[in-house]
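Asker: next one to model:
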Amino acid sequence: MRVEIWSDIACPFCWLGKRRFEEALAQFAGKEHVEVAYRSFELDPGAPADIGYDTYDMLSRKYGMSREQAKAGTESIARQGRDHGLEYNFDRVVLTNTFDAHRLAHLAGRHGRMGHMLDRLYKAYFTDGEHLGRRDTLVKLAAEVGLDREEAAGALEAGAFADEVRRDEEEAAALGIRAVPFFVINRKYGISGAQPADVFLKTLERAWSEERPPGMPDGEGGASCGESGCERPGGQ
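Answerer: Just a heads-up that it's a prediction; the model follows:
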């Protein structure tokens with residue numbers, strides 16, 4: 001089976017959704033037969049590298065809420081994250097353009113480290129307050145997950161993997177994906193948002209029961225930033 005996950009590093013629900021999906025996958029009897037492919041999606045492709053306001057101002061402007069309401073909303077996400085071992089420090093988040101970070105993730109994918117790279121990028125962004133719009137930061141993070149520092153620096157400088165990022169985004173548009181995280185299983189089932197692990201598990205089991213190879217065993221039972229996902233401004 002193949003699971004494709006569209007996400008953006010600047011989306012708090014994408015980190016949470018990735019973790020919940022992994023928890024579901026760990027319980028899935030056919031997990032050895034699941035291939036996971038990570039796909040790029042930018043919530044704000046036109047964002048500059050340096051943004052002169054914080055997360056709470058961004059949410060206030062986007063949704064017409066007060067800073068206090070914005071803080072309350074992010075605390076709800078942080079509480080959900082803590083239940084899964086994720087630490088969100090929204091006071092420290094440095095808003096930026098994520099295109100280079102997506103390119104770096106694709107470089108990591110060439111070395112079989114894309115999932116690890118994404119986790120490190122999420123932690124850097126939401127926990128550590130690092131500036132992911134700066135290439136020296138990205139190179140440091142690449143080295144931390146075992147990539148060659150010089151290769152990472154050269155790829156970022158040369159504009160490598162830009163086409164891969166754009167193809168992922170074009171494919172998302174063709175599939176009608178406007179909010180992330182979005183999970184596509186066998187190009188048949190779609191799951192939007194950071195759903196509970198049991199939602200992922202039940203869908204994996206359904207897809208497995210329909211498409212497993214002969215002789216394989218059954219699995220065992222067991223969107224804007226709203227309640228579970230993030231959407232581009234205007235749903236574009």
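
Asker: quick one: the strands in this structure?
Answerer: When secondary structure is read from DSSP state E, the chain shows strands at 2-7, 35-40, 179-180, 182-185, 189-192, 230-231.

Asker: and the gap between Lys202 and Ile177?
Answerer: 21 Å (Cβ to Cβ, to the nearest Å). C-beta here means a position set from N, CA and C on the backbone, and glycine is covered the same way.

Asker: looking at these two, which one has more neighbours?
Answerer: The residue with the greater number of neighbours, taking Lys202 and Ile177 and applying other Cβ atoms under 10 Å, is Ile177; the counts read 21 against 16.

Asker: was I right to think the more buried one contacts Phe41?
Answerer: Yes. In terms of Cβ atoms under 8 Å, Ile177 counts as a neighbour of Phe41; the distance is 7.2 Å.

Asker: identify the contacts common to those two.
Answerer: Counting by Cβ atoms under 8 Å, 6 or more residues apart in numbering, the residues touching both Ile177 and Phe41 are Trp6.

Asker: now do the helices in this structure.
Answerer: For the chain, helices defined by DSSP state H occupy the ranges 12-27, 55-63, 67-82, 99-110, 114-122, 135-144, 149-158, 162-174, 197-211.

Asker: now the first one: buried residues?
Answerer: Neighbour-count burial for helix 12-27 flags 12-21, 23-25, 27 (criterion: 16 or more other Cβ atoms under 10 Å).

Asker: and these as JSON lines, adding distance to Ala197 and pLDDT?
Answerer: Rendered in JSON lines, the data for these read as follows (distance: Cβ to Cβ, whole Å; pLDDT from 0 to 100):
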{"residue": "Pro12", "distance to Ala197": "17", "pLDDT": "98"}
{"residue": "Phe13", "distance to Ala197": "14", "pLDDT": "98"}
{"residue": "Cys14", "distance to Ala197": "15", "pLDDT": "98"}
{"residue": "Trp15", "distance to Ala197": "15", "pLDDT": "98"}
{"residue": "Leu16", "distance to Ala197": "11", "pLDDT": "98"}
{"residue": "Gly17", "distance to Ala197": "10", "pLDDT": "98"}
{"residue": "Lys18", "distance to Ala197": "12", "pLDDT": "98"}
{"residue": "Arg19", "distance to Ala197": "9", "pLDDT": "98"}
{"residue": "Arg20", "distance to Ala197": "5", "pLDDT": "98"}
{"residue": "Phe21", "distance to Ala197": "7", "pLDDT": "98"}
{"residue": "Glu23", "distance to Ala197": "4", "pLDDT": "98"}
{"residue": "Ala24", "distance to Ala197": "4", "pLDDT": "98"}
{"residue": "Leu25", "distance to Ala197": "9", "pLDDT": "98"}
{"residue": "Gln27", "distance to Ala197": "7", "pLDDT": "98"}
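
Asker: right, I'll call it a day here.
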